[in-house]
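Novice: fold the following, please.
(4 chains, ligands or ions: 4)
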There are 2 protein chains.
Amino acid sequence: MNKKQLTKVLGGAEKLCRKRGARLTARRRTVLELLCASDKPLSAYEILDRMRATTRNPAPPTVYRALDFLLEQGLIHKLESLHAFVGCTHPEHPHSSQFLICGDCGEVSEMENEAILQSLQTAERATGFKTRHPVVELLGTCAQCAEKHQSG
Amino acid sequence: MNKKQLTKVLGGAEKLCRKRGARLTARRRTVLELLCASDKPLSAYEILDRMRATTRNPAPPTVYRALDFLLEQGLIHKLESLHAFVGCTHPEHPHSSQFLICGDCGEVSEMENEAILQSLQTAERATGFKTRHPVVELLGTCAQCAEKHQSG
DNA sequence: GGCATGACGGTTATGCCATAACATGATGTT
DNA sequence: AACATCATGTTATGGCATAACCGTCATGCC
Ligand SMILES: [Zn+2]
Ligand SMILES: [Zn+2]
Ligand SMILES: [Zn+2]
Ligand SMILES: [Zn+2]
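Specialist: Ligands and ions are numbered 1, 2, ... in the order given. Have a look, this model is predicted:
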């Protein structure tokens, strides 16, 4: 995410939280900034390291509490298969997305694919299962890296 | 999994490994048995605890090495969102499946849904992404538990 | 003002998940 | 026997996540 996008997302988050009566405090905002500014997912402890630049002696609970808040507000997502977190690219409305995770370059792209959601919902109806939180993470190789492998 | 099914799965695993020239050793077999005999997913450390009944002083690497082998052979699956493992219900052929994970009773059911696979593959083609391992885990409430909630 | 209430975050400690690194033992081949 | 290879034992360590307790600050009510 570039600086302009970052500003926009942070502004949006601010507005969203105000509307909901949720408090986007300094700590929480810092964590969101770090995640959005990063070009790859960050683990809680990576966030912790980066916080040392601006915060005196931060500890794991500080980070995890902020992450919990941001997850509740839908401003970030957790990648279960990586034990890491990413900023959401379109937090305006609640949604469930799918993630393409490249094992070569580490890039993660968030996707909101209607056909996939439909197929999941169809399966749920057939089994009577009620999904609260779908985890869809595709681990593999992105188009760029696949091309490199062929040419290189 | 009941005792009869367990015997069948273990026999199948034995045969499968022999065919592939892979060695289903005592340790590996024990871990597979424990997973298949359990009615819910087990973490590596839960497996470790149960191994103490039959093995002297087992350590984490013992379990993790067995798990790695069984994963490679497709005899078990890892549930990323639970940090736990389950025995595969149909290991005869390689496959990628989806999991319905009930947060109330802890039951996990493995599903191999063609429509979901298709929708994932369509999305891959559209993006040029090559998936090596899809993770699809639906966290929610199973039909049984949902019913209990309504009546109770 | 005085005081309860509740959200937020600092601090310390702990527990679970997973692997690195090295030593030993089992198995099969020549 | 000598050797290569794979599996396992053993010890130590690193990464992920939370429990429990306490101080602080804002808010609302008497
Ligand atoms: Zn999102
Ligand atoms: Zn890539
Ligand atoms: Zn399976
Ligand atoms: Zn259930």
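
Novice: CA only for contacts and neighbour counts going forward, please
Specialist: Fine.

Novice: ok, the residue in chain A that DNA strand D sits nearest to to A:G140 distance?
Specialist: The nearest approach of chain A to DNA strand D comes at A:P61, 4.2 Å away (CA to the nearest atom of the strand). Relative to A:G140, A:P61 is positioned 32 Å away (CA to CA, to the nearest Å).

Novice: comparing these two, which residue is more hemmed in?
Specialist: More crowded of A:P61 and A:G140, by other CA atoms under 10 Å in any protein chain shown: A:G140, with 20 against 11.

Novice: ramachandran coordinates for that one?
Specialist: phi -180, psi -140 (degrees, to the nearest 10).

Novice: check A:E137 too.
Specialist: Here is the backbone geometry of A:E137 (degrees, to the nearest 10): phi -130, psi 120.

Novice: bridged to it, which residues?
Specialist: A:F99, B:V135 (DSSP bridges).

Novice: what's the burial count for it?
Specialist: 23.

Novice: equivalent analysis for A:G21, please.
Specialist: A:G21, neighbours per other CA under 10 Å, totals 9.

Novice: likewise for the one 4 residues further on?
Specialist: Number of residues near A:T25 (other CA under 10 Å) recorded here: 10.

Novice: and the gap between A:T131 and ligand 4?
Specialist: Remark: distance between A:T131 and ligand 4 (CA to the ion, to the nearest Å) = 11 Å.

Novice: contacts only, for the closest residue to that residue other than its chain neighbours.
Specialist: Residue nearest to A:T131 in three dimensions, not counting chain neighbours: B:G140, with 4.2 Å by CA to CA, 6 or more residues apart in numbering or on different chains. Residues in contact with B:G140 (CA atoms under 8 Å, 6 or more residues apart in numbering or on different chains) are A:129-133, B:100-103.

Novice: domain parsing of chain A, as residue ranges.
Specialist: Domain assignment for chain A by automatic domain parsing gives A:3-87, A:97-151.

Novice: right, is the shortest one up against ligand 2?
Specialist: Yes: contact between domain A:97-151 and ligand 2 is present through A:102, A:104-105, A:142, A:145 (criterion: CA under 5 Å from the ion).

Novice: what's the longest helix in chain A?
Specialist: Taking DSSP state H as the criterion, chain A has its longest helix at helix A:3-20.

Novice: can you map out the strands along chain A?
Specialist: A:76-79, A:84-87, A:98-102, A:108-111, A:130-141 (DSSP state E).

Novice: bridging residues for A:L42?
Specialist: A:F85.

Novice: what's in contact with stretch A:28-42?
Specialist: A:1-3, A:6, A:10, A:47, A:50-51, A:63, A:66-67, A:69-70, A:75-76, A:84-88, A:106-108.

Novice: count the residues that sit near A:T89.
Specialist: Count around A:T89 with other CA under 10 Å applied: 17.

Novice: so which residues on chain A come close to DNA strand D?
Specialist: A:43-46, A:60-61, A:64, A:80, A:83-84 (CA under 7 Å from any atom of the strand).

Novice: out of those, which are inside helices?
Specialist: Filtering these for helices - DSSP H - leaves A:44-46, A:60-61, A:64.

Novice: just flag the most distant two among these.
Specialist: Pairwise distances among these were taken by CA to CA; the largest, 13.5 Å, belongs to A:E46 and A:P61.

Novice: so for stretch A:18-30, what's the average pLDDT?
Specialist: Here stretch A:18-30 scores 93 as its mean pLDDT.

Novice: kindly state the pLDDT recorded for A:P134?
Specialist: 98.

Novice: circling back to that earlier point, any idea how far DNA strand C is from the residue of chain A closest to DNA strand D?
Specialist: 5 Å (CA to the nearest atom of the strand, to the nearest Å).

Novice: state the pLDDT value of that residue.
Specialist: Listed pLDDT for A:P61 reads 97.
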